[in-house]
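Visitor: sequence first, then the predicted structure:
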Amino acid sequence: QVQLVESGGGSVQPGGSLRLSCVASGRIVRIDAMTWYRQAPGKGRDLVARIDNKNNTRYEDSVKGRFTITRDNGKKTWNLHMNNVKPEDTGVYYCAADLLAWHGDRPYNFEALGQGTEVTVSS
């Protein structure tokens, strides 16, 4: 089975930095897009950053210039570098991957989602 595991969450003061990491494991053939979502308290899950297999990136407007998403295909990992964080960045961050993976003896395309890691920005 495919598994995504996040790490790096925690508490940080406004203006500080944090790096979130995600590693994928399982019978993965290929990872296409890698994504970070955020779910703020009492709200839905929103896309924060996304990187495709050509290293094209997309960011939610409020994090542009502050967050950077990177990927390491060989290690099946991707990171979210969070700089100059703000209280509104608080939430549970989920990594996700659009991937092709074996299920039994057949490959399937689907989006896998991690369990989430909590980030709290507060003074």
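Guide: Structure's in. What do you need?

Visitor: for the rest of this, base every contact and every neighbour count on C-alpha atoms.
Guide: Will do.

Visitor: neighbouring strands - and their directions - for the strand or helix carrying Asn79?
Guide: Asn79 is part of strand 77-82, with elements assigned from DSSP states H and E. Strand 77-82 has its sheet partners listed here by DSSP bridges as strand 18-25 (antiparallel), strand 67-72 (antiparallel).

Visitor: can I get those in CSV including mean neighbour count, mean pLDDT and distance to Lys54?
Guide: Listed next are these as CSV, based on neighbours: other C-alpha atoms under 10 Å; pLDDT from 0 to 100; distance: least, C-alpha to C-alpha, whole Å:
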stretch, mean neighbour count, mean pLDDT, distance to Lys54
strand 18-25, 20, 97, 19
strand 67-72, 18, 96, 11
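
Visitor: okay if I get those strands as JSON lines plus distance to Val85?
Guide: Conversion of the strands paired with strand 77-82 to JSON lines gives the following (distance: least, C-alpha to C-alpha, whole Å):
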{"stretch": "strand 18-25", "distance to Val85": "8"}
{"stretch": "strand 67-72", "distance to Val85": "9"}
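
Visitor: and the helices in this protein?
Guide: Ranges of helices in the chain, per DSSP state H: none exist.

Visitor: alpha carbons of the strand holding Asn79, in PDB - could you do that?
Guide: The C-alpha atoms that make up strand 77-82 are tabulated as PDB, following Å, rounded to 0.1, in the frame of the first residue of the first chain:
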ATOM      1  CA  THR A  77      10.200  13.300  -0.800                       C
ATOM      2  CA  TRP A  78       9.000  16.800  -1.000                       C
ATOM      3  CA  ASN A  79       9.400  19.700   1.300                       C
ATOM      4  CA  LEU A  80       7.500  22.900   2.100                       C
ATOM      5  CA  HIS A  81       9.900  25.700   3.200                       C
ATOM      6  CA  MET A  82       7.900  28.200   5.200                       C
END
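
Visitor: how far does that strand sit from its chain's centre?
Guide: 7 Å (C-alpha atoms, centre = their mean, to the nearest Å).
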